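[1] coords please:
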Amino acid sequence: MFKPVGWDEISNFESMPQPVIAKIEQACASHEIPLHTHPKGQLIFALHGYVTCEVSAKMWMVPTHSAIWIPANKLHSNRASDHAQLCHVFINSNMQGMPQHTCTLAITPLVKELMCKLAAYDQHYDLASKTARLAQVLFDQLSDMPIQYLDVVLSKNVVIQAMSQQLISQPSARKTLPQWADEFALTERTLARLIKKETGMTFGKWRTQIDIITALQALSNKKSVQQVSELLGYESVSAFITMFKKVMKNPPMKYMSGLNVSSVMSS
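    Numbering: from 1, shown residues only. Prediction:
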């Protein structure tokens, strides 16, 4: 069984020569790791709770069953939820196969077990050992994991910042674009153009992206579809399911159960 360690201990592993290193971190309370980099690529997987990362002017919200991949030497910060349990996997930058950009990955049960298994072993392993072979299998599986798009652009524009904060902290407030425009004393057309310029999305797509991330966090925390629908301020459960299915290709419970199917079925 693995022994959870603190961040100070985890940071020591990134300079080790082993190509793939895994360790479990237990967050006793909500905490933030300020801007930093790693010489190795870093995968952060939420075993329990979730983690939020800021990378390249984007916020990545990573619920249970998902992981964020951050390439080597990429400046980033992390914030873990209360009592989150995170698995960190550090991968040498010269290993080919992982994405070249920051992204979230859907993690299958097989890959989760491989990460936890590797984390339970001594990380100072010989490159010809069984542990080294396990690390290679984990790497091969990770490189095949499907990419998810759970990021939100962090704009420096004060209007977009204010809107982002409200959309994330008050998801049930379903303000329309005209209502937002009135709040900031802007015309609807001007605000629509500003949102498109700063986020690369229309207002509707931008809000939907935030809704999906919020929904996945809540579903990962065992909230029911009805509870998530109410959290997001939808008038009906069916409206929420329709939105979710349009973006994620499956209704909420089918999508979440798909993350828990056997590794044979998910491969």
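[2] what ranges do the helices span in the chain?
    All helices of the chain, identified by DSSP state H, fall at 7-13, 109-119, 130-142, 158-169, 177-183, 188-199, 203-220, 225-231, 237-248, 252-258, 263-266.
[3] Find the residue closest to Asn73 in space, skipping its chain neighbours.
    Spatially, and ignoring its direct neighbours in sequence, Asn73 is nearest to Thr37 (5.2 Å; Cβ to Cβ, 6 or more residues apart in numbering). Glycine gets a C-beta too; all of them are placed from N, C-alpha and C.
[4] give me the number of residues near the one you found?
    By other Cβ atoms under 10 Å, the residues close to Thr37 number 12.
[5] my guess is it contacts Pro71, does it?
    No: using Cβ atoms under 8 Å, Thr37 is not in contact with Pro71, being 10.0 Å away.
[6] need the contact list for the residue nearest to Asn73.
    72-76 (Cβ atoms under 8 Å, 6 or more residues apart in numbering).
[7] ok, 10 Å please
    Neighbour list for Thr37: 14, 70, 72-76 [criterion: Cβ atoms under 10 Å, 6 or more residues apart in numbering].
[8] Make a ChimeraX selection of the buried ones in those residues.
    Selection command for ChimeraX covering only the buried members of these, criterion 16 or more other Cβ atoms under 10 Å:
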select :14,70,72,74,76
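[9] Give me the pLDDT for the closest residue in space to Thr102 that isn't next to it in sequence.
    Spatial nearest neighbour of Thr102, excluding adjacent residues (Cβ to Cβ, 6+ apart): Val55 at 4.6 Å. We have a pLDDT of 85 for Val55.
[10] Would you check how far apart the residue nearest the centre of the chain and Ser236 are?
    Nearest residue to the geometric centre of the chain (Cα atoms, centre = their mean): Val62, 2.2 Å. Distance, Val62 to Ser236, by Cβ to Cβ, to the nearest Å: 29 Å.
[11] cool, and Val225?
    From Val225 to Ser236 the distance is 11 Å (Cβ to Cβ).
[12] Mind checking which of the two has more residues around it?
    Val225 (19 against 10).
[13] From start to finish, how long is stretch 89-101 in a straight line?
    In stretch 89-101, first residue to last residue: 16 Å (Cα to Cα, to the nearest Å).
[14] Could you list the low-pLDDT ranges of the stretch 151-267 of the chain?
    Within the stretch 151-267 of the chain, the stretches with pLDDT under 70 are 258-267.
[15] ok, 80 please
    Applying pLDDT under 80 to the stretch 151-267 of the chain picks out residues 154, 220-221, 257-267.
[16] Now for Gln85, how many residues are close by?
    Neighbour count of Gln85, defined by other Cβ under 10 Å: 17.
[17] what are the bridge partners for it, then?
    Gln26, His48 (DSSP bridges).
[18] how much space between it and Lys23?
    From Gln85 to Lys23 the distance is 12 Å (Cβ to Cβ).
[19] And for His48?
    The value you get for His48 to Lys23, if Cβ to Cβ is used, is 15 Å.
[20] Give me the nearest residue to Ala218, chain neighbours excluded.
    Of all residues not flanking Ala218 in the chain, Val228 sits nearest, at 4.6 Å (Cβ to Cβ, 6+ apart).
[21] now Ile168
    Per Cβ to Cβ, 6+ apart, closest to Ile168 is Ile210, 6.2 Å.
[22] I figured that neighbour was touching Leu232, is that so?
    Yes: counting by Cβ atoms under 10 Å, Ile210 touches Leu232, with 9.4 Å between them.
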